[in-house]
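> need coordinates for the following:
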Amino acid sequence: MMKRFAVRLALAIALIAALNAPVQAGVRVLVVDETKTLASTMRVAGLVGALRGTGLFDVSHRLADVESSWDDPLAGSEPPPDEAPQDLILIVPRGIDDGSADWIWIASNGLFSLPPASAPGSS
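Numbers count the residues shown, from 1 in each chain. Next comes the predicted model:
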């Protein structure tokens, strides 16, 4: 189930990013992994590799240690001062391991905040 979901997610993000033109600068994506098992962490790593493999994304990957799927995985962490803000943040929750969560979080400032070459309506 997680594998199909990861593939569908990667394809959906690639479609969103490549609506009208090839991405020139790349969409900056942060993937936050809250999972606890080796198998789930490897699946998330596969998702990161698939996103990187498209050439459309500049992907960062962080592991987060949280008590529940509802905790803020980025609390207390500061991005490096020279790092540009992320366009999309994908959070794979802790509960995906045991089936108590069947979703992922996708956070952004909206599709129109993406780089111009990948934003909807750009030509």
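> low-confidence ranges, the chain, go.
Along the chain, segments meeting pLDDT under 70 span 1-25, 69, 76, 78-83, 110-123.
> so which residues of this structure form helices?
Secondary structure of the chain by DSSP state H: the helices cover 2-17, 38-53.
> who's in contact with the closest residue in space to residue 26 that isn't next to it in sequence?
The shortest distance from residue 26 to any non-neighbouring residue, by Cβ to Cβ, 6 or more residues apart in numbering, is to residue 58 (4.1 Å). From N, CA and C alone the C-beta is placed, and that goes for glycine too. By Cβ atoms under 8 Å, 6 or more residues apart in numbering, the contact list for residue 58 reads 25-29.
> please apply the same query to residue 68.
Going by Cβ under 8 Å, 6+ apart, residue 68 touches 94-95.
> report the contact partners of residue 73.
When contacts are counted by Cβ under 8 Å, 6+ apart, residue 73 touches 32, 34, 62, 64, 66, 91.
> now do the fifth one: how many residues are near it, please.
To tie it back to what came earlier, the one meant is residue 66. Neighbours of residue 66 under the rule other Cβ atoms under 10 Å: 17.
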